[in-house]
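Visitor: sharing a sequence plus its predicted fold:
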Amino acid sequence: MNKKIVIAFTAATALAILSGCTVYDRADSYMKKPVVSDVKKGMTKQQARAIGGIPSTSATMINARGTCDSYVLGTRDGKPINYFVSYDQNNIVLNKGFQSCQEYDTNPQK
């Protein structure tokens, strides 16, 4: 009986470890997307779009300064993985991160 418990525990632990690797691999793959890894603060909008491609949406900010491009990097649990790049009034990259432009505009950090 104890042998069955040990085997079940070992199998459950292995599954937990492997599922953790899958989540990490997915997160790591998003970090390798050019819009995430290569777009830097201070770049022009033209430079950022040359790297990131055509954004999913573009918007003028209401609570934050300037404009914003939103990219969909993939999906997780049926929900989009969003990444935004915001620009100041001179079309210079001001901020970027893993949320949509709309989410960023409700709570801008800079």
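Guide: It's in. Numbers count the residues shown, from 1 in each chain.
Visitor: any idea how far the residue most central in space within the chain lies from Thr67?
Guide: With distances taken as C-alpha atoms, centre = their mean, Phe98 lies nearest the centre of the chain, 3.5 Å away. Separation of Phe98 from Thr67 (C-beta to C-beta, to the nearest Å) stands at 19 Å. (Glycine included, C-beta is placed from N, CA and C.)
Visitor: which helix or strand contains Gln102?
Guide: For Gln102, the host element (DSSP states H and E) is helix 101-106.
Visitor: quick check: buried residues in that helix?
Guide: Using 16 or more other C-beta atoms under 10 Å as the test for burial, helix 101-106 gives 101, 104-105.
Visitor: skipping its backbone neighbours, what lies nearest Asn95 in space?
Guide: For Asn95, ignoring the flanking residues on the chain, the nearest one in space by C-beta to C-beta, 6 or more residues apart in numbering is Ser86 at 4.7 Å.
Visitor: go on, Pro108?
Guide: In space, Pro108 is closest to Ala64, 3.5 Å off (C-beta to C-beta, 6+ apart).
Visitor: who's in contact with that neighbour?
Guide: Applying C-beta atoms under 8 Å, 6 or more residues apart in numbering to Ala64 gives the contacts 86, 104-105, 108.
Visitor: distance of it from Tyr87?
Guide: Look at Ala64 and Tyr87: by C-beta to C-beta, they are 10 Å apart.
Visitor: surely Val35 and Tyr71 touch.
Guide: Yes. Counting by C-beta atoms under 8 Å, Val35 touches Tyr71, with 5.3 Å between them.
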